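>>> sequence first, predicted model second:
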Amino acid sequence: MIDTNDTAVAALWVARAKQGKESEVRDLISRVVTPSRNDPGNIAYEVHEDENRLGTFVVYERWVSKDALRAHTESSWIPEVIPPLLKLIVGTIEDHLQFLRPLRPAP
């Protein structure tokens with residue numbers, strides 16, 4: 001990830017529900033879309049479920065800066081969603097979180 005705080009940040013997170021917890025994860029993870037999109041500095045926030053591996057969720061998000069992403073992680077609604085979600089997924093968020101760097105064509 002680029003180190004400047006004023007560069008747009010893209011992140012990709014893949015979460016896999018524990019067996020039998022797919023519906024609960026689907027419900028919780030769906031609840032974060034609207035508040036995340038409303039957080040200051042959000043460019044894009046999308047959640048998908050893998051059609052071939054139900055219970056596997058992919059979150060793609062873009063923020064105007066690292067500071068905006070950091071502020072998002074400190075949003076007031078986070079404690080209502082993240083701790084319960086962590087009990088329902090395999091591993092941690094950090095285990096499957098990737099920060100993406102854009103590739104641009106050569107001039």
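Thanks, I have it.

>>> just the helices in this structure please.
22-31, 33-38, 66-73, 78-86 (DSSP state H).

>>> tell me which of these sits nearest to residue 13.
helix 22-31 (9.8 Å; Cβ to Cβ). (C-beta placed from N, C-alpha, C; glycine too.)

>>> and the closest one, what does it pack against?
Here helix 22-31 touches strand 42-49, strand 56-63, helix 78-86, going by 3 or more Cβ pairs under 8 Å, 6 or more residues apart in numbering; DSSP states H and E.

>>> send the alpha carbons of that helix over as PDB?
Taking Å, rounded to 0.1, in the frame of the first residue of the first chain, the C-alpha atoms of helix 22-31 are listed here in PDB:
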ATOM      1  CA  GLU A  22     -23.900 -18.600   6.500                       C
ATOM      2  CA  SER A  23     -27.300 -16.900   7.000                       C
ATOM      3  CA  GLU A  24     -26.100 -15.000  10.100                       C
ATOM      4  CA  VAL A  25     -23.000 -13.800   8.300                       C
ATOM      5  CA  ARG A  26     -25.100 -12.800   5.300                       C
ATOM      6  CA  ASP A  27     -27.400 -10.700   7.500                       C
ATOM      7  CA  LEU A  28     -24.600  -9.000   9.500                       C
ATOM      8  CA  ILE A  29     -22.400  -8.300   6.500                       C
ATOM      9  CA  SER A  30     -25.300  -6.800   4.600                       C
ATOM     10  CA  ARG A  31     -25.900  -4.400   7.400                       C
END
